[in-house]
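Peer 1: sequence plus predicted model, see below.
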Amino acid sequence: MVFILVGLIFLALGVAGMYTWWWFLVEILKGLVSLSFTTLGVLFIITGGRILLRGPKAAEESED
């Protein structure tokens, strides 16, 4: 029962905080989207480079 009450208190504080500082959350989300695009770009470049370095035989096996 105590966990439910504490959870409800934290939920109320979190919703109040999101309502009060919504502009700050939007800025954080913009930064996270940019960071995730950068990370995914690096991962795709690394993966593509590894496929190119393995040669055409490895590329044919990965397509099947």
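Peer 2: That came through, no problem.
Peer 1: this protein: helices as residue ranges?
Peer 2: Along the chain, the segments classed as helices by DSSP state H run 2-20, 22-54, 56-63.
Peer 1: could you dump those into CSV and include mean pLDDT and mean neighbour count?
Peer 2: C-betas here are computed from N, CA, C, even on glycine. Formatted as CSV, those follow (pLDDT from 0 to 100; neighbours: other C-beta atoms under 10 Å):
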stretch, mean pLDDT, mean neighbour count
helix 2-20, 94, 10
helix 22-54, 93, 10
helix 56-63, 64, 9
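Peer 1: give me the most central residue, this protein.
Peer 2: residue 36 (5.4 Å; C-alpha atoms, centre = their mean).
Peer 1: how far away is it from residue 3?
Peer 2: For residue 36, the distance to residue 3 equals 32 Å [C-beta to C-beta, to the nearest Å].
Peer 1: now swap in residue 30 and tell me
Peer 2: Applying C-beta to C-beta to residue 30 and residue 3 gives a distance of 34 Å.
Peer 1: what of residue 24?
Peer 2: To residue 3, residue 24 is 29 Å away according to C-beta to C-beta.
Peer 1: also residue 31?
Peer 2: 33 Å.
Peer 1: for residue 12, same thing?
Peer 2: Distance from residue 12 to residue 3, by C-beta to C-beta: 15 Å.
Peer 1: repeat for residue 47
Peer 2: For residue 47, the distance to residue 3 - C-beta to C-beta - is 43 Å.
Peer 1: same check on residue 54?
Peer 2: For residue 54, the distance to residue 3 - C-beta to C-beta - is 52 Å.
Peer 1: next one: phi and psi at residue 21?
Peer 2: phi -110, psi 40 (degrees, to the nearest 10).
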